[in-house]
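>>> let me see the structure of the following:
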Amino acid sequence: MATIKDIAERVGVSPTTVSRVLNYDSSLSVSEKKRRQIIETAQDLNYAPPRMRAKKRKLIAGQQQTTISLLHTLNETEELADPYFITIRHSIEKHLSEAGLRIDNRFCHLEEFPADSLKENHAILLIGPHDRNTIDSLARSAAAFVCVDFPPDRADVDCVFPDLEQAMANLLDTLWQKGLRKFGFIGALSGEENPRRPYPDLRSRTFMQWFEAKGLQAPANVRFERLTPMSGFELARQLLDSTDRPEIIIAANDTMAIGALQAASSLELKVPQDLRIVGFNDIPAAGLIEPSLTTVAIPAEDIGRAAVDLLLERLSGRSFSKKIILGTKIRWRESC
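Got it, this is the predicted structure:
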């Protein structure tokens, strides 16, 4: 880190002159050109006053003493079935490690936290949707608290999430323009029927609202269950066994879409000739299976990085809340 002496040598003045300029000493007699040169050189060298360097060292030491806990919608077994969430967690672990920090605890429910764990130096990363009581409790108790992969119903809580509403609307717009009309959707249970996903799934909600906004009747070919390949298989079979079979199935994630591909194969339907299938997330397998899966790519790695950035900013003293919304891309492949 640059010192006053470094700046003085670069500009060709005495350290005393540099110190007086940087402390805005109005009694100093120096040309405006030289004053500007000193200030710009200090900026170029990332100079920080001793008191600021000491404050930064104190903040870093405080961060390293922080206990960081991960509260995840999925337990470890459920997470293994969804590479998307594994990518988010690995990204969080990687960027915490780069900052000299690590995850100390992992829980699936707020009730699992030790009674005395939420202290002043406790930071929480909350992955996936949780109920309002959990969010309120953590926001009230944690030194830093970030919601990851979903927007909480509180304006004062930091969060990072993908723009699933815009992603679904863009996908439907494009498919409609391509001439597709008979849509099916398989997604996640949410709300009262699934307390672990208390918020409406944005993909599901946007799918239904898109048809309403166009003055169209929403498709009857909509099914909800858990976000797993087996659920994708079973729900897709229900849609494909119906008399009003859809010409395209949109799945809430890639694991369900892979299950739908298997369901189509079991009925000897060819994809994309007889049926088109689209997923969400762009997990590694999406481009490797046969046929390769068209999917909406969500930047899981960037979600994890942004979550850690938000956490570190809070631990460094940021007092206002911040929301980061990440865009998505459609990866067109053989299944559509």
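>>> show me what the helix or strand in which Ile7 is found is packed against.
Ile7 is part of helix 4-11, with elements assigned from DSSP states H and E. Applying 3 or more C-beta pairs under 8 Å, 6 or more residues apart in numbering; DSSP states H and E, we find helix 4-11 packed against helix 15-22, helix 32-44. C-beta coordinates here come from the backbone N, C-alpha and C atoms, glycine included.
>>> mind listing what's buried in the last one?
Burial within helix 32-44, assessed by neighbour count using 16 or more other C-beta atoms under 10 Å, is assigned to Arg35, Gln37, Ile38, Ile39, Thr41, Ala42.
>>> the first one too?
Residues of helix 15-22 classed as buried by neighbour count (16+ other C-beta under 10 Å): Thr17, Val18, Ser19, Arg20, Val21, Leu22.
>>> quick one: average confidence on the helix holding Ile7?
For helix 4-11, mean pLDDT rounds to 87.
>>> Arg106 is in what secondary structure piece?
Assessed by DSSP H and E, Arg106 sits inside strand 105-107.
>>> against which helices or strands is the helix or strand following that strand packed?
Moving toward the C-terminus from strand 105-107, the next helix or strand (DSSP H and E) is strand 122-127. Secondary-structure packing of strand 122-127 (3+ C-beta pairs under 8 Å, 6+ apart): strand 67-72, helix 83-98, helix 132-141, strand 144-148, helix 300-315.
>>> okay, now the sheet partners of strand 122-127, with direction.
Its sheet considered, strand 122-127 pairs with strand 67-72 (parallel), strand 144-148 (parallel) by DSSP bridges.
>>> how close does Phe113 sit to Asp104?
12 Å (C-beta to C-beta, to the nearest Å).
>>> the more surrounded of the two?
More neighbours surround Phe113 than the other of Phe113 and Asp104, with 18 against 13 (other C-beta atoms under 10 Å).
>>> hmm, back to that, tell me which of the helices and strands packed on strand 122-127 lies nearest to Tyr47.
Closest to Tyr47 of those is helix 300-315 (C-beta to C-beta; 22.2 Å).
>>> follow-up on the earlier one: who touches both of Phe113 and Asp104?
Shared contacts of Phe113 and Asp104, defined by C-beta atoms under 8 Å, 6 or more residues apart in numbering, comprise Ser69.
>>> ok, and for the helix holding Ile7, which residues are buried?
Ile4, Asp6, Ile7, Ala8, Arg10, Val11.
>>> wait, is Leu74 part of a helix?
No: looking at Leu74 with DSSP: H, G, I helix; E, B strand; the rest coil, it is coil, so not inside a helix.
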